[in-house]
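> pasting a predicted model and its sequence here:
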Amino acid sequence: MPIRAVLWDIDDTLFDYSGADRQAMARLLELEGLPGGYTTPDEALDDWRTIAGRHWTRFAAGETDYEGQRRGRVREFLARDLEDAEADAWFGRHAAHYEAAWSLFPDVIPVLDLLDGYRHGVLSNAGAVTQDRKLLTLGVRHRFEAFLCAVELGVSKPDPGAFHAACEALALDPHEVAYVGDEPDTDAAGAVAAGLTGIWLDRWERGGRTDLVRITSLHQLPALLSGDTRFGAPDTFG
């Protein structure tokens, strides 16, 4: 049976999360200075990303809550034992710069237009309030009939339950749904394990995963979904 719907990751798939986060932190460091222990802004920016990933992993594993992972990121980055209110205030200043830098990747709107014959949904490992506001601000929320986020769902990718919940929201079987995301394991491999067609959007051309269907731009997606196998899809795709 052909693919009838596309489920999407948001951050670093539709939305340039890494670019916005880096711009926000660069602006905050410009205004408030480097925390102790860092010698260059680039060093601090790279460490902020590493720290964010580590604390998000703790959140995904149920070791902390959503606000706790934010506070943990700030405390580790600043190397200070801040009160909750202090950590929240610092993160809020970062968030203001972050939101000012929000943008879609340039291939998103053209490809969504080309794929108007498919149904669309979102499955994100973040919280619904932020992700919903993000898509509304960027003008694309109306394009997704299903909208599921791990914080409210209670299960996160790559757990099959997250993917199955999204398929149920679309009233489709997993084999009728493709999932597109920027993480090879969390997104593409997780989708495949749940019975969906997983597609790894490798924007930064990391490569090295011959086991996955891989594209390097969303511009390759319409041909892939229509059965063109030039981009690593099996002959039975679609």
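Arrived safely.
> please give me every residue in contact with the residue lying closest to Leu225 once chain neighbours are set aside.
Take Leu225 and drop its neighbours on the chain: the residue closest to it by C-beta to C-beta, 6 or more residues apart in numbering is Ile3, 5.6 Å away. The way it works is simple: take the backbone N, C-alpha and C, and place the C-beta from them, glycine included. Contact partners of Ile3, counting by C-beta atoms under 8 Å, 6 or more residues apart in numbering, are Tyr118, Glu176, Val177, Ala178, Thr197, Leu225, Gly238.
> distance of Ile3 relative to Thr50?
Distance of Ile3 to Thr50, given as C-beta to C-beta, to the nearest Å: 36 Å.
> may I have the longest helix seen in the chain exported as CSV, CA atoms only?
Assignment by DSSP state H gives helix 41-60 as the longest helix of the chain. What follows is helix 41-60, C-alpha atoms only, in CSV (Å, rounded to 0.1, in the frame of the first residue of the first chain):
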residue,chain,number,x,y,z
PRO,A,41,32.7,32.4,22.3
ASP,A,42,33.0,29.4,19.9
GLU,A,43,34.1,27.2,22.8
ALA,A,44,31.2,28.3,24.9
LEU,A,45,28.7,27.8,22.0
ASP,A,46,29.9,24.3,21.3
ASP,A,47,29.8,23.4,25.0
TRP,A,48,26.3,24.8,25.4
ARG,A,49,25.1,22.4,22.6
THR,A,50,26.8,19.4,24.2
ILE,A,51,25.3,20.3,27.6
ALA,A,52,21.9,20.7,26.1
GLY,A,53,22.0,17.3,24.6
ARG,A,54,23.1,15.7,27.8
HIS,A,55,20.3,17.2,29.8
TRP,A,56,17.7,16.4,27.2
THR,A,57,18.8,12.8,27.4
ARG,A,58,18.2,12.9,31.1
PHE,A,59,14.7,14.3,30.5
ALA,A,60,13.9,11.7,27.8
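> after that helix, next one along is what?
Following helix 41-60 in sequence order, the next helix or strand is helix 66-78 (DSSP states H and E).
> once you drop chain neighbours, what's closest to Leu201?
That would be Asp182: by C-beta to C-beta, 6+ apart, it lies 5.1 Å from Leu201.
> now that neighbour: how far from Ala169?
22 Å.
> okay but Pro184 is in contact with Leu212, surely?
Yes. Between Pro184 and Leu212 there is a contact at 5.8 Å, judged by C-beta atoms under 8 Å.
> what do the two both touch?
Trp200.
> domain map for this protein?
For the chain, the structural domains run 5-16+103-225, 17-100, going by automatic domain parsing.
> tabulate these (CSV), appending mean pLDDT and mean neighbour count.
Formatted as CSV, the domains of the chain follow (pLDDT from 0 to 100; neighbours: other C-beta atoms under 10 Å):
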stretch, mean pLDDT, mean neighbour count
domain 5-16+103-225, 96, 19
domain 17-100, 92, 15
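> all strands of the protein, in order?
Counting by DSSP state E, the segments of the chain that form strands are 5-8, 119-124, 146-149, 177-181, 197-201, 213-215.
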